[in-house]
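J.: sharing a sequence plus its predicted fold:
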Amino acid sequence: MTNHWIDIRNSDCILIMGSNAAENHPISFKWVNEAMKRGAKLISVDPRFTRTSSKADFYTALRSGTDIAFLGGMIKYILDNDKYFKEYVAEYTNASFILADTYDFKDGLFSGYDPEKRKYDKSKWAFKKDANGVSKRDRTLQDPRCVFQMIKKHYSRYDLNTVSAITGTPKEDLAKVYEMYASTGRKGKAGTIMYAMGWTQHTVGVQNIRTMAIIQLLLGNMGVAGGGVNALRGESNVQGSTDHCILYHIWPGYLKTPKASLPTLEAYNKKYTPKTNDPLSANWWGNYPKYSVSLLKSFFGDKATAANDFGYNWLPKLDDGKAYTWLDLFDAMYRGEFTGFFAWGQNPAGSGANSNKTREALTKLDWMVNVNIFDNETGSFWKGPGMDPRKVKTEVFMLPCAVSVEKEGSITNSGRWMQWRYKAANPPDQAWPDGQILIRLGKTLKYLYKKDKNAVFPEPILNLKWDYTTHGEFDPHKMAKEINGYFLRDVTVKGKHFKKGDLVPSFAYLQADGSTSSANWLYCNSYTAKGNMAARRKREKSGIGLNLEWAWCWPVNRRIIYNRASVDKYGKPWDREHPVIAWDPGAKGGKGGWVGDVPDGGWPPMLNPDGTPNPKTKYPFIMKPEGHAHVFGPGRADGPFSEHYEPIECPVEKNPLSSQLVSPVAPLYSTKMDIYKSCDPKYPIVGTTYRVCEHWQTGVMTRWQPWLLEAEPQLFVEMSKELAKLKGIKNGDKVVVESARGKVEAVAVVTIRLRPFMIEGNTVHEVGLPYHFGWVHPKNGGDSANILTPSTGDPNTRIPETKAFMVNVRKA
Amino acid sequence: MNVTRRDFFKITGASAAGIAVMGLGLDLKPFKSHAQTLKLRFAKETTSICCYCAVGCGIICSTGEAGAGKIINIEGDPDHPVNEGALCAKGAALSQLANNENRLTTPLYRAPYSTKWQKVSWDWALWTIAKRVKNSREASFEHKNAKGQVVNRTNGIANVGSAALDNEECWLIQALMRSLGLVYIEHQARI
């Protein structure tokens, strides 16, 4: 989330799309309700009428996988009807930038497409530069090659007739949503979006969100209270686990994992440190080497020196151009590339797409370690449906771990709040906290490598700093302090003196010379001389709900990021009622300063009180090399603007917007278990997956609990009355749901919550299933709905397309 | 007098325990007061954050007098600014997650081609896993790739998980796996 949960109450219009917040983030609704009490409108857009829809001022449905068409129509509406926030768009976004002649878009494809490699040459999507190397701009937004005019042209094709034919949403409903939401484009008004996996789990997932980001920027909704682009993240610490980068492509703090083509730390830092020739751009990532060197100091401690590149080559490199994502990982496992596998605190046998392929892949391993609270479909895969244990070679270690209340440490919520948890109870019998398992496993490996004089490349294992224990037990405070970072020698930075061993007060003090450590620069400021900031418990008494002294928030306790865009060029809040920050000329003894939230940099406003430009200012979007928000996003794999493409499995043969039916760059896999079927009469129904309040993800944690299991005991499939009639199915019947990859048995829930869609003149049905169930427990409760879903995903992130696929339904 | 709901319970609890506190102007039903008293007199309270979705609701765990004993009750934390004491169905059932007879409580091992689990010790499990890791790493370690570029990686092991870990554990897991040379390091955030 760019904003945070309580801030939802400051919104004037809340769009919930790609999420069923009332069911899956129930307490978020406390703040939706609070906003509605204060006069905000709630819009729910979902293929199914959900608990969220039941609370909405306006609800409408769309077919799964058509969100870009829906939102593209909103962009057209905003521009056609002059609803955009002109000053914000012209000054704070790259709408004014002039595009180079190489940028083009024709018939569903952007310039630079290579059909053989199924890849774009993104260098074609560049801006024109002036003599100083700064992108050319036209702040009047009139230049025919400026981004603003290109947006107009690009989305002009998304008219109501076309959008309605694709989405199945009635035209009058589209117009109503557009009008309601576009009303937040006025000064002092804010609209927010709450989205979740309903937007990410598509082959156009990133572009779904980019389309909304374009809308939020056109309406001036970024950085302001009650605005933002708000991902409702799932797992309790998925924000923290992403920040610490348990992901192949990034190192802690969103630094890049090095590629094979970058043989030295110097080459690595040079490649990933962006440059700008614009003196008004802060270009915060210009600090990259300070963060990468401080990270390496945390990895290897005293062993990391300038002479050995701080241990840069002790860490593994990726092959250039190769993806190692979840889908690629299980594809490689299926093809027999791994002998060993760890699965901690999750259940891949039911959680990823194409579960049958995942389960088959596990049989190809020599050994697997599964760490969990309960038995699950992954650890016990060898005795699952269709498996003969006597033919499965995989050796399995199932290790019992503590639940959250049985250990101490921090987690980071969706609003980026890092909150400390204390230990309440001991784990039962021999269950251990994961931290203890990791520490002990690391120590055992260090011992083995120290003992073996002929061990292969032992340096990274032997040199890994691994002293986060007290009396032999994992000590989360020691780790939390290392994540914050230390001064490693006596130094003076920015006029302040620090001693060796002092905690670094914030990332502004980190250095690239090895004199500081920080295991994650983004969390530098979380554990300082003032103490454990995540453990703070002081509530805000008045104000807009920032709660600056409750817990801690990255970066540097900033509660609303991009907040420098919440003020005009004089530093006055656009919204006087909900000021996030404001420039106070009398602050700091008359030197002037920002009040309110921690600002996105302390530089003064863009204009002096007399209207003259202030040369000491910086543009508000400090993480972008040119300081402007990207309505034109040239970094994405599938285009700088969004474009509607059908899901890989879809019910239509043609895309009315272009001859490009599906994403031209979506990844496809080629084993015999990767089957994709579009417009196949055997699978004529759109399928989607979702969750219910009473269960958690694949259900490993909740299916074993009596109250929750009683409330939701088995797999079901929701379908419309019309489809049920067509198939001769009654409410409560046992039915089979089948895709090209597998089938599950489920109880039919016949409902008016789903209705048939009229798509390009044809009736299209859609069904939905929760994915919480699995064969281990309860018996006869059904298996994972991910048995149905295909191995394909977004070309940028490779998040699987589990929200739109094709199935059939029949009576069991 | 500025009392939060939580302070109020503490005071009324103390009151029922024999210390007279007057003037709150509220009359709790006797049975409610009694229940609160039992919990407050005999339980230790520890604050935590719910382990399910990323709203991050505050919870209060009550455990037996000895401190880190058995969980008696888990409820919403009324002082927490996000949830103000409220919890969803999963959060309200949290005590059943900790106190659950179905939990794994000892390391288990399944040998190749075996039809059953066997109980093993932590020492044996960790020692055996470490040896497997070392063998797989040594058999699949690649110093240079096909282009002759230095890659220093372990191609034969993959790791997933977890967004259910604490931040401090997340850092440890990625550090251990990267130091072993793994490149296939993923978790829930990708799906």
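T.: It's in. Numbers count the residues shown, from 1 in each chain, chains lettered A, B, ... in the order given.
J.: okay, CA-based contacts and neighbour counts for the rest of this
T.: Noted.
J.: now do the helices in the stretch 551-700 of chain A.
T.: Per DSSP state H, counting those that start in this stretch, the stretch 551-700 of chain A carries helices over the ranges A:587-590.
J.: over to chain B?
T.: B:5-16, B:30-42, B:89-92, B:95-98, B:122-140, B:167-179 (DSSP state H).
J.: can you flag the weakest of the ones you listed by average pLDDT?
T.: Mean pLDDT values for the helices of chain B show the minimum at helix B:5-16, a mean of 46.
J.: kindly list the longest helix within chain A.
T.: Selection of the longest helix in chain A by residue count, based on DSSP H, yields helix A:434-451.
J.: tell me which residues are up against it.
T.: Here helix A:434-451 makes contact (C-alpha atoms under 8 Å, 6 or more residues apart in numbering or on different chains) with A:401-402, A:455, A:458, A:461-462, A:466, A:468, A:473-474, B:126-127, B:130-131, B:134, B:165, B:168-169, B:172-173, B:176.
J.: and those residues, which are buried?
T.: A:401-402, A:458, A:461-462, A:466, A:468, A:474, B:126-127, B:130, B:134, B:165, B:168-169, B:172-173, B:176 (16 or more other C-alpha atoms under 10 Å in any protein chain shown).
J.: which residues does the residue positioned nearest the centre of chain A bridge with?
T.: In chain A, the centroid-proximal residue (C-alpha atoms, centre = their mean) is residue A:231; its distance is 6.7 Å. Judged by DSSP bridges, the bridge partners of residue A:231 are residue A:195.
J.: so residue B:145 makes contact with residue B:151?
T.: Yes - if you go by C-alpha atoms under 8 Å, residue B:145 and residue B:151 touch, sitting 6.3 Å apart.
J.: look at these two and report which has more neighbours.
T.: Between residue B:145 and residue B:151, counted using other C-alpha atoms under 10 Å in any protein chain shown, the more crowded position is residue B:151 (25 against 15).
J.: show me what contacts that one?
T.: Neighbours of residue B:151 in contact, by C-alpha under 8 Å, 6+ apart: A:260, A:313, A:316, A:317, A:318, A:319, B:142, B:143, B:144, B:145.
J.: quick one, longest strand in the chain?
T.: In the absence of a named chain, chain A is used. Criterion DSSP state E: the longest strand present in chain A is strand A:743-751.
J.: oops, I was thinking of chain B
T.: Taking DSSP E as the criterion, chain B has its longest strand at strand B:150-160.
J.: quick one: mean pLDDT over that strand.
T.: Rounded mean pLDDT across strand B:150-160 is 98.
J.: neighbouring strands for it, and are they parallel or not?
T.: According to DSSP bridges, strand B:150-160 forms sheet pairs with strand A:340-344 (parallel), strand B:141-144 (antiparallel), strand B:182-186 (parallel).
J.: next, the angle helix B:167-179 makes with it.
T.: If you take axes from the mean of the first three to the mean of the last three C-alpha atoms, to 10 degrees, strand B:150-160 sits at 140 degrees to helix B:167-179.
J.: counting by contacts, list what the longest strand of chain A packs against.
T.: Under the contact definition 3 or more C-alpha pairs under 8 Å, 6 or more residues apart in numbering or on different chains; DSSP states H and E, strand A:743-751 sits against strand A:716-720, helix A:721-727, strand A:734-738.
J.: quick revisit: mutual contacts of residue B:145 and residue B:151, please.
T.: By C-alpha under 8 Å, 6+ apart, the residues touching both residue B:145 and residue B:151 are residue A:319.
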